[in-house]
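S.K.: model the structure of this input:
(chains A and B)
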Amino acid sequence: MNGVDVHSAQSQDAQAPDTQWPRWEIFKQDTAGKVHQAVGSVHATDPDHALLTARSVFARRPAAVSLWAVREQDIFSVTREELENGQTLPGHSGEVQSYRIFGKKTHKRSMTFVDELGMLEAACPQAALEAARSQFGDELLAWWVIPVSAFVGSPEDAETVESWFAPAKDKTYKQQSAYGVVGKHVSERNPRVKHD
Amino acid sequence: MTDLTSEQTQALILRLTVLADDELLLSHRDAEWTGHAPILEEDIALANIAQDELGHAMGWLDLRKTLDGSDPDGLAFRRGPDEFRNSALTELPKGDWAFTMVRQYLFDAYEALWQDAAKASTHTPLAQAAALALREERFHLQHTAAWVERLALGTPESERRTRAALQAVWPYALGLFEPLEGEQAGIEAGLLPDPTQIKARWLPLVTAHLTRCGLTPPGAEPVARGTHTEHLALLLAEFQGVNRQYAEMTAW
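M.R.: Numbers count the residues shown, from 1 in each chain, chains lettered A, B, ... in the order given. So this is what the prediction gives:
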């Protein structure tokens, strides 16, 4: 064999630099009275870029009045199973700062997984989590604890809000569940056939 | 609605056609990136822009229809290259990402300013359509301005490509502001914005942004509207192909 070193090629592949841009988790507020909800993520070079792409990806048609972006490494997350297994969040006590608390309440919804629950002050993510569990109930499937300082938000001036979010009101938008599924025409003709 | 003289109607029809033709072709060039953009998020974002521009073109052609009864589909799909009134800026091939973003940025700035001025049109349907389109155009402008900045101040490679793009499109962008034949009748009646006033707002706006990005617009003479390149016929062959192939279709 000449020149082909499989092991070396594999290890190089494993060490290949990550060429993806940083990943940002996006939170969308549907209307002024509602909380922000996690809707998905985008890759972007910087906070402004993350918000611009998030607007195109998540708010071209769905209703929105505000977007937040947070870099993935600024999110401290833990699931109920992990908590039961004794997992904790970083606990180095530091400066008391504000954290936003998010929780996942159910597996049953198709689109949104994690809702904003509220804000609290704590000296570290673990302390914030403990306070959140007593304040917001302990029945959640997953917790996200995020320093308020990690958030960037879409512009709030009236002209930009209109420019980013008003056009969606004139566009047709349906959740994917609103579209027919394969075989739906059969079940409509024959009520005994069930397609869920 | 005010009664329009024949000269005013002609001025409106021509400007609406010019607006629609620019947006149709630019929309097509942007759509050519679908599935090929540098990253998925930008693929979606540019497809959004392409759809918006296509929607604006439909809006302008629908307005024209109220003036002369013309068929928007007929105008879009069954005119030849010599009948299109677009600026050559919008027919140039999509080039690289820097070319697409620089062209779109200069065009978005022009469009946003034109629509902002047209909100004051004494032709109420035009004022309303301009106000609607402007909302989306402002967002396009933010997005493309951000890209010009990141490319120009990014790597030596992205800077080189951005400079080359600006050099190439600048003369065409200047041509966007040439008054159309007979347009003065519409301008004097307050029906249409004066393109020379749009240019007086556009030039400092884009020059300031380009300067912040370390770029200098080249000295160049405008390429007049009506000057087409060999790329237009090929673009139309693709853009119009399906419609022309099924000319007997009555509904799409």
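S.K.: which stretch of helix or strand covers the residue of the stretch 101-250 of chain B at minimum distance from chain A?
M.R.: In the stretch 101-250 of chain B, no residue comes nearer to chain A than B:R138, which is 4.0 Å away by CB to the nearest CB. C-beta: built from backbone N, CA, C; applies to glycine. Applying DSSP states H and E as the criterion places B:R138 in helix B:124-152.
S.K.: tell me what that helix is packed against?
M.R.: Contacts defined by 3 or more CB pairs under 8 Å, 6 or more residues apart in numbering or on different chains; DSSP states H and E place helix B:124-152 against helix A:47-58, helix A:158-165, helix B:40-68, helix B:97-118, helix B:156-174, helix B:195-212.
S.K.: chain center to that helix, what's the gap?
M.R.: Offset of helix B:124-152 from its chain centre (CA atoms, centre = their mean, to the nearest Å): 11 Å.
S.K.: I'd like to check the angle between it and helix B:40-68, please.
M.R.: 150 degrees (axes from the mean of the first three to the mean of the last three CA atoms, to 10 degrees).
S.K.: buried residues in helix B:124-152?
M.R.: Across helix B:124-152, burial judged by 16 or more other CB atoms under 10 Å in any protein chain shown covers B:126, B:129-130, B:132-152.
S.K.: what average pLDDT does that helix get?
M.R.: For helix B:124-152, mean pLDDT rounds to 97.
S.K.: residue boundaries of the helices in chain A?
M.R.: Per DSSP state H, chain A carries helices over the ranges A:6-15, A:47-58, A:80-84, A:125-135, A:158-165, A:184-189.
S.K.: for the closest residue to A:Q97 other than its chain neighbours, report the pLDDT, please.
M.R.: Distances taken as CB to CB, 6 or more residues apart in numbering or on different chains put A:P147 closest to A:Q97, at 5.8 Å, once the chain neighbours are dropped. A:P147 carries a pLDDT value of 97.
S.K.: what does chain A put close to chain B?
M.R.: Contact residues, chain A versus chain B (CB under 8 Å from any CB of the partner chain): A:21, A:42-46, A:48-49, A:52-53, A:55-57, A:60, A:159-160, A:162-164, A:166-167, A:170.
S.K.: next, count neighbours for the closest residue to B:L174 other than its chain neighbours.
M.R.: Closest residue to B:L174 apart from its sequence neighbours, by CB to CB, 6+ apart: B:P222 at 3.6 Å. B:P222 has 17 neighbours, counted by other CB atoms under 10 Å in any protein chain shown.
S.K.: my guess is B:P222 contacts B:P179. True?
M.R.: No: contact criterion CB atoms under 8 Å: B:P222 and B:P179 do not qualify, at 11.5 Å.
S.K.: buried sites along stretch A:131-147?
M.R.: Neighbour counts over stretch A:131-147 (16+ other CB under 10 Å) mark A:131-133, A:136, A:140, A:142-147 as buried.
S.K.: name the helix or strand of chain A that has the lowest mean pLDDT.
M.R.: Least confident element among the helices and strands of chain A, by mean pLDDT, DSSP states H and E: helix A:6-15 (a mean of 49).
S.K.: what's across from the residue nearest to A:Q97 in the sheet?
M.R.: Taking DSSP bridges as the rule, A:P147 bridges to A:Y99.
S.K.: is it in contact with A:V96, as I believe?
M.R.: No: checked against CB under 8 Å, the pair A:P147 and A:V96 is beyond contact range at 11.2 Å.
S.K.: still on that earlier bit, how close does the residue nearest to A:Q97 sit to chain B?
M.R.: Separation of A:P147 from chain B (CB to the nearest CB, to the nearest Å): 25 Å.
S.K.: what's the distance between that residue and A:G94?
M.R.: Between A:P147 and A:G94 the distance is 10 Å, computed by CB to CB, to the nearest Å.
S.K.: got the contact list for the residue of the stretch 101-250 of chain B closest to chain A?
M.R.: By CB atoms under 8 Å, 6 or more residues apart in numbering or on different chains, the contact list for B:R138 reads A:159-160, A:163, B:112.
S.K.: so which of these is the closest to A:V78?
M.R.: Nearest to A:V78 among the contacts of B:R138: A:T160, at 35.2 Å, using CB to CB.
S.K.: what's the angle between the helix holding B:R138 and helix B:195-212?
M.R.: Using the same axes, to 10 degrees: helix B:124-152 against helix B:195-212 is 20 degrees.
S.K.: that older thread, most widely separated two among the buried residues of stretch A:131-147?
M.R.: With CB to CB as the measure, no two of these lie farther apart than A:L140 and A:P147, at 19.4 Å.
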